[in-house]
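Asks: Next come a sequence and a model predicted from it.
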Amino acid sequence: MSRGIEVPERRRPSSDAGYLEEMAKAIFRAGFSWDVVRTKWPNFRAAFDGFDVDRVAAYDERDIDRLLANPGIIRNGRKIIAIIENARIMQDLIAEHGSFYNYLRSLDGLSYEERKRILTSQFRHLGRTGCYVFLWSVDEAVPSWDER
């Protein structure tokens, strides 16, 4: 990434929850101050049950209401719903591939542009830049920031 832009830490998550958390973080960073997201992130982790994929995928209207009422997180309803729906999509991919990491390995050999197209079409509120930040954060191969 280029100078002047905050560079998120690169680390390969050790669990599917880690992938959901990094995707959620990339989604919430879009359009918000990264500083605000970073400051509130411990509250997100608690509010979303540690981003356990199965627990988040099972959220219902009561959980959405609970999250929308939580002053410790960014209360953007569309993004909150997107995280829940993305957990459900991840559940299906995990069932098919054994883990989200294995799913990403199924995309190996594709160009970055093709992987970006697939991921942004599968997952809600994961735009072009958010996809780049997500893949960067989970230590996947990405082009340089200027080439994205």
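Replies: Received it, and whenever you're ready, just let me know what you need.
Asks: doesn't Ala47 make contact with Asn70?
Replies: Yes - between Asn70 and Ala47 a contact is recorded at 5.3 Å, counting by Cβ atoms under 8 Å. Using the backbone N, CA and C atoms, a C-beta is placed for each residue, glycine as well.
Asks: Give me the contacts around the longest helix that the chain contains.
Replies: If you go by DSSP state H, the chain has its longest helix at helix 77-97. For helix 77-97, the external contacting residues (Cβ atoms under 8 Å, 6 or more residues apart in numbering) are 16, 19-20, 23-24, 27-28, 48, 51, 53-54, 56-57, 59, 63-64, 67-68, 100, 103, 105-106, 122-126.
Asks: Can you list which of those are found in helices?
Replies: Per DSSP H, the contacts of helix 77-97 map to helices at 16, 19-20, 23-24, 27-28, 53-54, 56-57, 63-64, 67-68, 100, 103, 105-106, 122.
Asks: Mind giving me the ChimeraX select for those, buried ones only?
Replies: In ChimeraX, this line selects whichever of the ones in helices among the contacts of helix 77-97 come out buried by 16 or more other Cβ atoms under 10 Å:
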select :16,19,20,23,24,27,28,53,56,57,63,67,100,103
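Asks: Many thanks, we can stop here.
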